[in-house]
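1. would you be able to build a 3D model of this:
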Amino acid sequence: MKNVDLSAIKASEKMPPVHLWKPELCGDMDLVIRSNGEWIHEGAPMKRASMRKMFSRILWLEDGEHYLVTPHEKVHIQVEDAPFLVTQSKIERDSNAGLVTFTTNVDDVLVLGKDCDLWVETGPEGDRPYISMRYGMKAMLHRSVYYDLVNNGYEKEIEGKQHVCIESAGKEFSLGIFDI
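-> Okay, the predicted model is just below:
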């Protein structure tokens with residue numbers, strides 16, 4: 001990404017209108033977002049949180065591939081699993097309902113059931129919990145966040161199997177099957 005002024009993105013907490021930008025592909029950028037949430041640029045960790053946050057705001061998913069997009073350029077990057085990692089959660093309860101708020105490694109704040117949905121994918125490496133993010137992207141829940149949700153969840157039978165569930169914003173989400 002050359003000669004593009006991204007200062008307006010950095011200065012504003014408002015999301016840029018990436019969905020309106022349709023530039024041509026300019027090539028690849030040596031940027032990898034690892035499955036542990038680490039950003040690697042040209043072989044070295046991207047240490048500046050402000051840079052990761054700024055780039056995350058112009059991240060776009062198209063046909064299963066991830067790109068950084070500006071009004072004039074689109075560059076392909078590598079993402080090992082999910083481009084975002086949920087690092088914190090906050091569970092609030094009152095007499096009627098619960099509310100779960102997530103914070104990602106790039107300071108996105110989302111309310112489960114309002115801004116995002118949750119699902120668990122089971123594979124050879126075990127359960128991997130995700131939430132939906134903007135533009136069809138997803139964030140993986142850090143293990144400690146997932147365990148906190150499970151610890152605060154409740155058991156419920158769904159289609160003959162015992163699940164651990166959590167409720168947020170009036171919606172119920174399964175955290176996985178409870179094996180006895």
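2. look up the closest residue to residue 27, ignoring the ones flanking it.
-> The shortest distance from residue 27 to any non-neighbouring residue, by C-beta to C-beta, 6 or more residues apart in numbering, is to residue 75 (6.1 Å). (Each C-beta comes from the backbone N, C-alpha and C, glycine too.)
3. what's the average pLDDT for stretch 101-114?
-> In this model, stretch 101-114 has a mean pLDDT of 96.
4. that should have said stretch 168-180, apologies.
-> 87.
5. contacts for that stretch, please.
-> 97-100, 111-114, 117-120, 122, 127, 129, 146, 149-150, 153, 155-156, 158, 161-167 (C-beta atoms under 8 Å, 6 or more residues apart in numbering).
6. check which residues of it are buried.
-> 168, 173, 174, 175, 176, 178 (16 or more other C-beta atoms under 10 Å).
7. okay, domains of the protein per the record?
-> 7-79, 84-177 (automatic domain parsing).
8. please work out which of those is packed deepest.
-> Stretch with highest mean neighbour count among the domains of the chain: domain 84-177 (a mean of 16; mean count of other C-beta atoms under 10 Å).
9. what about it, start to end distance?
-> Distance between the two ends of domain 84-177: 24 Å, counting by C-alpha to C-alpha, to the nearest Å.
10. one more: stretch 44-51?
-> One end of stretch 44-51 sits 14 Å from the other (C-alpha to C-alpha).
11. same for the longest helix along the chain, what does it pack against?
-> Longest helix in the chain, counting residues (DSSP state H): helix 143-152. Helices and strands touching helix 143-152, by 3 or more C-beta pairs under 8 Å, 6 or more residues apart in numbering; DSSP states H and E, are strand 84-93, strand 126-132, strand 161-168, strand 171-177.
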